[in-house]
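> show me how the following folds:
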Amino acid sequence: MMNPRQLSALTPALLSVILTIGIFGLLAAGPEGLQTTGAAPQSLAGDVAHAPAVPRVPKSVVEASHAPDGSPTEPAPVQIASANPSDVEPVDAAKAAKSVGIVDPCLVVDICVDRYLWTLYQRTPKEDTVRTREWRHLTVKRKGKRVTVSRAFTRLVDQDFGWKDPKAAERAGMPMMDYVIGGMDRSFKLKLFHMLHAAEAAGLSPGITSGFRDDYRQSIASGLKAANNRSYHGGSLRGGYGHGLAADVVSVEGRTRDQRFASSEKLWKWIDAHGKEFGLGRPYHGRDPPHVAPIDGEEYAKHNRGARLAASEVKKIDVKKKKMKGVATHDRSRPAKRPRTAAVSKPKAS
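As a prediction, this is how the structure comes out:
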């Protein structure tokens, strides 16, 4: 029988061998073998003899598991292969942004739509050109004298507005995805999803720079914008969160900003040609090119020139129909009035 010192010197591999042989014996003995208190029955010995051979643990492995003085040594640490993030080669955004594939099966349509739009939002640089007004002191001649005057000059400045949405989301106490994408109207998101997915299939690289905006987010927006509570992106006057009916769409293709602007113009022309197939259009065109809204919405009807002309033509036709209807239903049962004739004056006697 082994003493505790010899048992502790055994390696885990050798212990597993002994444990395996014991389990084989118990399973082969059955209920009768468990009741036997003496020597092992013949069936147990026969089964063990015919059991598959267990590989022996080499002596060198046993000796290496403890120090020369007999005390067991700790096993050497196992090194697990891992990838250092710094060793990963960076991916070119211009190449990676060509197409966003939907890999996971769409069990819930809303979740897949939100993830797709969020991916387009994340990959898009938040750049804009704003007009800044600055004052300069100039010296001019007035009535033969030199005087210094101040004049205002307008200058175009590139601006990164990527900090605005995170700040608004933090102020609202919401995650970025829930704020930017979740705040838009559901039917509008579905239309936007189908249109941008079709644009990718056509070889374009669409991206989203702005989705939902609350009153605070609208207040820190710059450039051409509506009043804080009147924005169709989701102002409180338009319904607030969950009722955003506008998004800003650009192209992410190109390394420089000029290249991305040129590819954005191609995307906007494609939207003008095919957007109505998905129920979307650009109501402002040159005034606010990235702005996209439903063509059956209030904003598109108010600000799109073609929609206004079509509405005015429909109105004119309705007025003409009403006039014709009035003429057709005129009561002709009354006798027509006889025309008045001029009275002939009698000659006076002289």
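> can we go C-alpha only for contacts and neighbour counts from here?
OK.
> ok, residue 168 touching residue 217?
Yes - Residue 168 lies in contact with residue 217 (CA atoms under 8 Å); the separation is 5.6 Å.
> now the common contact residues for these two.
With contacts defined as CA atoms under 8 Å, 6 or more residues apart in numbering, no residue is shared by residue 168 and residue 217.
> what residues are bridge-paired with residue 142?
residue 145 (DSSP bridges).
> so, low pLDDT: which residues of this structure?
1-105, 305-350 (pLDDT under 70).
> residue ranges of the strands in it, please?
Using DSSP state E, the strands of the chain run over 127-142, 145-160, 206-210, 247-251, 280-281, 291-294.
> residue 266 is nearest to which of those?
Judged by CA to CA, the one of the strands of the chain that comes nearest to residue 266 is strand 247-251, at 8.5 Å.
> packing partners of that closest one?
With contacts taken as 3 or more CA pairs under 8 Å, 6 or more residues apart in numbering; DSSP states H and E, strand 247-251 sits against strand 206-210, helix 257-274, strand 291-294.
> adding mean neighbour count and distance to residue 182, write those out as a markdown table.
Output for these, formatted as a markdown table (neighbours: other CA atoms under 10 Å; distance: least, CA to CA, whole Å):
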| stretch | mean neighbour count | distance to residue 182 |
| --- | --- | --- |
| strand 206-210 | 24 | 12 |
| helix 257-274 | 16 | 23 |
| strand 291-294 | 23 | 16 |
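> where do the helices of the stretch 101-250 of the chain begin and end?
Assigned by DSSP state H, counting those that start in this stretch, the stretch 101-250 of the chain shows helices spanning 109-122, 164-172, 176-180, 186-201, 215-219.
> to residue 132, which of the ones you listed lies closest?
With CA to CA as the measure, helix 215-219 is the member of the helices of the stretch 101-250 of the chain nearest residue 132 (17.1 Å).
> may I see the buried residues of that closest one?
Going by neighbour count (16 or more other CA atoms under 10 Å), the buried part of helix 215-219 is 215, 216, 217, 218.
> and the second one, how far from residue 159?
Using CA to CA, to the nearest Å, we find residue 216 at a distance of 19 Å from residue 159.
> can you say which of the helices of the stretch 101-250 of the chain is packed in most?
Mean neighbour count (mean count of other CA atoms under 10 Å) peaks for helix 176-180 among the helices of the stretch 101-250 of the chain, with a mean of 20.
> elements contacting that one?
In this structure, helix 176-180 packs against helix 164-172, with contacts taken as 3+ CA pairs under 8 Å, 6+ apart.
> so the helix it packs on versus strand 206-210, what angle?
Between the axes of helix 164-172 and strand 206-210, defined by axes from the mean of the first three to the mean of the last three CA atoms, to 10 degrees, the angle is 50 degrees.
> ok, back up a step: export the helices of the stretch 101-250 of the chain to a markdown table and append columns for distance to residue 255.
What follows is the helices of the stretch 101-250 of the chain, written out as a markdown table (distance: least, CA to CA, whole Å):
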| stretch | distance to residue 255 |
| --- | --- |
| helix 109-122 | 17 |
| helix 164-172 | 23 |
| helix 176-180 | 25 |
| helix 186-201 | 18 |
| helix 215-219 | 29 |
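> who wins for proximity to residue 273 among the ones you listed?
Nearest to residue 273, of the helices of the stretch 101-250 of the chain and by CA to CA, is helix 186-201 at 11.3 Å.
> tell me what the closest one is packed against?
On a contact count with 3+ CA pairs under 8 Å, 6+ apart, helix 186-201 meets helix 109-122, strand 206-210.
> now tabulate those in CSV and tack on distance to residue 139.
Supplementary listing: the helices and strands packed on helix 186-201 in CSV, determined by distance: least, CA to CA, whole Å:
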stretch, distance to residue 139
helix 109-122, 49
strand 206-210, 43
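> nearest to residue 282, out of the helices of the stretch 101-250 of the chain?
In terms of CA to CA, the element of the helices of the stretch 101-250 of the chain nearest to residue 282 is helix 186-201, at 12.3 Å.
> list the contacts of the closest one.
Around helix 186-201, the neighbours that count as contacts under CA under 8 Å, 6+ apart are 98-99, 113-114, 116-117, 205-206, 242, 245, 267, 270, 275, 278-280, 294.
> I'd say residue 218 and residue 232 touch.
No - under the contact definition of CA under 8 Å, residue 218 does not touch residue 232, with a separation of 10.2 Å.
> how much space between residue 274 and residue 261?
Distance check for residue 274 against residue 261: by CA to CA, it reads 20 Å.
> how about residue 171?
From residue 171 to residue 261 the distance is 32 Å (CA to CA).
> next one: residue 206
Residue 206 sits at a distance of 12 Å from residue 261 (criterion: CA to CA).
> same check, this time on residue 293
Per CA to CA, residue 293 is found 20 Å from residue 261.
> likewise for residue 276?
From residue 276 over to residue 261 (counting by CA to CA), the distance is 23 Å.
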